[in-house]
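Asks: Okay, structure incoming, though there's no sequence with it:
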């Protein structure tokens, strides 16, 4: 009977994160104990924000820090900063002379986390630009000296522009450089029938589905879609 049961299982059955308790176990065992006190402080501050769910999930951040180390990232770009959890994580991870171009429309949210960034002594690594991202990317692309010079990018911004960001970031990234896109599973709605998706999530769900197809068909990158946080897709430029 046991062999028969094994034979009828699908690959989906190997997905273990199907309970809140198991996710909590991972956070409490392998994520929170290793999270820096500064990141803990910023995460606690962000919990008071009415849009706290926009913050980078700490388990996704942990993987992001490992990837930054694996590619020896020194020059990075971040599109969508919010209160700065992922920004602080990046600044703590890259070398002291590393640089982050951080772009967000909302300086007020960035300034919520700024005291912790200053306390960490890493503000000098950050060039915060209050702007829409596309004009900043276009400005960077005007200078050929910027092409192929960025080691790493993290995107957690307006989903409708993810494909536009991707095209520009691939020019800015070094070969073997990494870009991570956040929220690519959009609360699991990408796998739900359209008529069961809440109305306020439907438009972005549809955008996410199209973006996921677009990345899967892009032969310029190697990808891995990871069910951490709200879903992240890691792209390595070939």
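Replies: Happy to help now that I have it. Given the structure is predicted, the values throughout are model-derived calculations rather than measurements.

Asks: Can you list the buried residues in the longest helix belonging to the chain?
Replies: Looking across the chain with DSSP state H, the single longest helix is helix 199-216. For helix 199-216, a neighbour-count test (16 or more other Cβ atoms under 10 Å) marks 204, 205, 206, 207, 208, 209, 211, 212, 215 as buried. Placement of C-beta: from N, CA and C, glycine included.

Asks: ok, which stretches of this protein are helices?
Replies: According to DSSP H, the helices that the chain contains are 2-8, 20-26, 37-46, 58-70, 85-93, 107-120, 133-142, 162-172, 199-216.

Asks: among those, which is the most enclosed?
Replies: Of all those, helix 85-93 carries the top mean neighbour count, a mean of 24, counting by mean count of other Cβ atoms under 10 Å.

Asks: could you give the angle of that helix to helix 58-70?
Replies: Helix 85-93 runs at 30 degrees relative to helix 58-70, counting by axes from the mean of the first three to the mean of the last three Cα atoms, to 10 degrees.

Asks: Now tell me what touches helix 85-93 from outside.
Replies: 36, 38-39, 42-43, 46, 55-56, 58, 61, 64-65, 68-69, 73, 76, 78, 81, 98, 100, 102, 110, 113, 116-117, 120, 122-123, 125-126, 152, 154, 156 (Cβ atoms under 8 Å, 6 or more residues apart in numbering).

Asks: swap the cut-off to 6 Å and go again
Replies: Residues outside helix 85-93 that contact it (Cβ atoms under 6 Å, 6 or more residues apart in numbering) are 42, 55-56, 61, 65, 68, 76, 78, 81, 100, 102, 117, 122, 125, 154.
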